[in-house]
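In: Sequence plus predicted model, see below.
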Amino acid sequence: MEILHVSAECYPMAKVGGLADVVGSLPKYQNKLGHIAKVVMPMHRTSFLHANEWEVVHKGAFIMGNIPLNFTIIKEKRNQLGFDLYCVDIYGWLDREKVYGYDDDGERYLAFQIAVAEWMVKWNHRPDVINVHDYHAGLIPFMFRHSYAYKNLSNIRTVLTIHNAQYQGWMDWEKSGYIPDWDVWKWGMLDWNGQINPLASAVRCADKVNTVSEGYMKELMNAANGLEKLFEYEKGKCSGILNGIDYSVWDPEKDSFILDNFSTKDADHGKARNKKKLCDEFGLDVQLPLFIFIGRLVAEKAADLLPEAINAAFEQSEEKFNFIVLGNGDPVVEHSLEQIHKTWFGYYHSQIQYNEKLSHQMYAGADFLLMPSRVEPCGLNQLYALRYGTMPVVRRTGGLADTVIDIGDDNGYGICFNNANIQDIVSSIKRAVYLYNHSNTLSKLRLHMMKINNSWEKSAQVYIDLYNSIYK
């Protein structure tokens, strides 16, 4: 089977969140299963782009509305990611450093999708499946079915994978002329509440739809940023497939980013060595339990609660602990987190940035990872933490509920709470501190966590089974 993944992100070419990690891993594991999986994405101006060798494989042109655009497709030469990686360049539109955050993101990603379709029309063969990821590729199923220029692509099966349904790519109907000439009788396949909604269109037009955990698929029936009725109506073709993690990247025994490698054979000593170096770097007491938060500082992650929750936990806990925050996002949250240094100097540190290397070091050295998310379709951070023997402290939502079992339950290995609020966060931190100081089970739990198999091998096959189900 030949699969083409279409995505805005792919690690290590460009990463904002978990979407990049999934698209940077899933195709590699599908190839290991004997299939041919490829990725096409925008040519963001990133360090990976400049550090590697590329070849031009196609040049073309199209008119978007009344805007003439030229595009170029390049391919990474050495197959360094374990699959063919293609990038689409459109001067002035896709040649930017940031992946998102521009006022014309809707138009930018529509241009990207049109370029992909124009390129595929010229192929001498057809892939078996196009797997589009989130709204940034969400209009491809519609265009394949209903744009006259792409009628010879209409037999290609399409799958939509939803990583986050909060972002839907809304566009005003005045932009409908940007979509290549299409059957106007099918306008309802684009519309949702009076706007063009690429994510809703993809849910309607794709042959199959999956989210990145079973729990998140169930949640979308009740909380999907306005698309609840659509998911209920289309539930017959919807499913959840839990994400995996790439064990060649996230392996404490071989990870080149961490300070000292370790495995289940020397987990306690390995964790201790990494923790000491981490605490020494940030001026923290290595004897105290160490909590970390890693992620985007946005409301979905409940990052707005972190400053008050961390302060309250320091104030209310009878026993001391350390906390390190790594991430960026909301400037107000960033400022509030930096202010905690003044009050809790020697127990707290924040790094307001994206830093892949430091994140690995924090997973390796920390005792607990806090994830109080309001929305977490799957969550990868808790899977990384488990791999490195760091106990997840998570809110029961989406994929977090699917992947972390509370220590109070049978075979439990994490700490879970129900509500994204200050009280539940503080109570969970205090519970973790107590476990660290007054229980001899943490070492045993650490070994259990590290042995849980969360690799992509199983999930990659589930995706193949999903693709095959379309043809039955």
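Out: Done, it's in. Numbering: from 1, shown residues only.
In: where does the chain have low pLDDT?
Out: Across the chain, not a single residue meets the criterion (pLDDT under 70).
In: now the residue located most distally from the centre of it: how far from residue 433?
Out: The C-alpha centroid of the chain is most remote from residue 318, which lies 36.3 Å away (Cα atoms, centre = their mean). From residue 318 across to residue 433, the span is 9 Å (Cβ to Cβ, to the nearest Å). C-beta: built from backbone N, CA, C; applies to glycine.
In: Check residue 124 too.
Out: Distance check for residue 124 against residue 433: by Cβ to Cβ, it reads 62 Å.
In: tell me the SS of the residue farthest from the centre of the chain?
Out: Of the three states, residue 318 takes coil under DSSP: H, G, I helix; E, B strand; the rest coil.
In: Dihedrals phi and psi, it?
Out: In terms of degrees, to the nearest 10, the main-chain angles of residue 318 are phi -80, psi -20.
In: got it, and the one 5 residues further on?
Out: According to degrees, to the nearest 10, the main-chain angles of residue 323 amount to phi -150, psi 130.
In: What's opposite it in the beta bridge?
Out: residue 291, residue 348 (DSSP bridges).
In: which residues sit in contact with it?
Out: Going by Cβ atoms under 8 Å, 6 or more residues apart in numbering, residue 323 touches 290-293, 310, 313-314, 344, 347-349.
In: Can you say which of these are buried?
Out: Among those, those classed as buried by 16 or more other Cβ atoms under 10 Å are 290-293, 310, 313-314, 344, 347-349.
In: of those residues, closest to residue 145?
Out: Closest approach between the buried ones among the contacts of residue 323 and residue 145, by Cβ to Cβ: residue 293, at 43.0 Å.
In: That closest one contacts residue 370, doesn't it?
Out: Yes - applying Cβ atoms under 8 Å, one finds residue 293 in contact with residue 370, separated by 5.0 Å.
In: still on that earlier bit, for the contacts of residue 323, which one is nearest residue 143?
Out: Residue 143 has its nearest neighbour among those in residue 293, at 40.1 Å by Cβ to Cβ.
In: in which helix or strand would I find that closest one?
Out: Assigned by DSSP states H and E, residue 293 belongs to strand 290-294.
In: neighbouring strands for whatever helix or strand residue 75 lives in, and are they parallel or not?
Out: Assessed by DSSP H and E, residue 75 sits inside strand 67-76. Using DSSP bridges, the strands paired with strand 67-76 are strand 54-64 (antiparallel), strand 84-89 (antiparallel).
In: and these, which is most packed in?
Out: The highest average neighbour count among the strands paired with strand 67-76, using mean count of other Cβ atoms under 10 Å, belongs to strand 84-89 at a mean of 22.
In: how distant is that one from the center of its chain?
Out: Distance of strand 84-89 from its chain centroid, counting by Cα atoms, centre = their mean, to the nearest Å, is 20 Å.
In: Dump the helix or strand following it to CSV, restricted to CA.
Out: Later in the chain than strand 84-89, the nearest helix or strand by DSSP H and E is helix 105-121. What follows is helix 105-121, C-alpha atoms only, in CSV (Å, rounded to 0.1, in the frame of the first residue of the first chain):
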residue,chain,number,x,y,z
ASP,A,105,-3.0,31.3,7.5
GLY,A,106,-6.3,30.2,5.9
GLU,A,107,-5.2,31.3,2.5
ARG,A,108,-1.6,30.1,3.0
TYR,A,109,-2.7,26.5,3.7
LEU,A,110,-5.3,26.5,1.0
ALA,A,111,-2.5,27.4,-1.5
PHE,A,112,-0.5,24.6,0.0
GLN,A,113,-3.3,22.1,-0.6
ILE,A,114,-3.9,23.3,-4.1
ALA,A,115,-0.2,22.9,-4.9
VAL,A,116,-0.3,19.3,-3.6
ALA,A,117,-3.4,18.5,-5.7
GLU,A,118,-1.8,20.1,-8.8
TRP,A,119,1.4,18.1,-8.3
MET,A,120,-0.6,14.8,-7.8
VAL,A,121,-2.5,15.4,-11.1
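In: Check which residues of helix 105-121 are buried.
Out: Within helix 105-121, the residues scored as buried using 16+ other Cβ under 10 Å are 105-120.
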